[in-house]
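Trainee: No sequence on hand, only this structure:
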């Protein structure tokens, strides 16, 4: 299956790489609390027709990061 042709994000990569795809798809900028967060592995398949809040909630299920959405900007912070 070619995920993007079928309407899915298919992540099996670093958080930074996944967030680059999300950034392009939803036209948002991404900031990281620290550089180490960027290397957290992400494994997920999410439909591209989901709104950005739903996508971020799904990624938060890792219990490793949280997202703060402010307009067209996302801040990625460590889960506490």
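Mentor: Everything's here; your move. As the structure is a prediction and not an experimental result, all values here were calculated from the model.
Trainee: which element is the residue positioned nearest the centre of the chain on?
Mentor: The centroid of the chain falls nearest to residue 19 when counting by Cα atoms, centre = their mean (4.3 Å). If you go by DSSP states H and E, residue 19 is part of helix 15-26.
Trainee: so what's the residue nearest to residue 29 when sequence neighbours are not counted up against?
Mentor: Once flanking residues are discounted, residue 29 sits nearest to residue 73: 5.0 Å by Cβ to Cβ, 6 or more residues apart in numbering. In this view, the C-beta of every residue, glycine as well, is placed from N, C-alpha and C. Counting by Cβ atoms under 8 Å, 6 or more residues apart in numbering, residue 73 touches 28-31.
Trainee: The same query, at a cut-off of 7 Å, please.
Mentor: With contact taken as Cβ atoms under 7 Å, 6 or more residues apart in numbering, residue 73 is in contact with 28-29, 31.
Trainee: mind listing which of those residues are in strands?
Mentor: Residues of the contacts of residue 73 located in strands (DSSP state E): 29, 31.
Trainee: By neighbours, which of the contacts of residue 73 wins?
Mentor: Ranked by the number of neighbours (other Cβ atoms under 10 Å), these place residue 28 first, at 16 neighbours.
Trainee: so who does that residue touch?
Mentor: 52, 72-74.
Trainee: 6 Å instead?
Mentor: 72, 74 (Cβ atoms under 6 Å, 6 or more residues apart in numbering).
Trainee: Now do it, the pLDDT please.
Mentor: pLDDT, the model's per-residue confidence, is 97 for residue 28.
Trainee: which residues of this structure fall in strands?
Mentor: 8-14, 29-32, 41-47, 65-70, 73-78.
Trainee: Ok, which of those strands comes nearest residue 57?
Mentor: Of all the strands of the chain, strand 65-70 sits nearest to residue 57, with 8.4 Å by Cβ to Cβ.
Trainee: how far off strand 41-47 does the closest one point, in degrees?
Mentor: Counting by axes from the mean of the first three to the mean of the last three Cα atoms, to 10 degrees, strand 65-70 lies at 50 degrees to strand 41-47.
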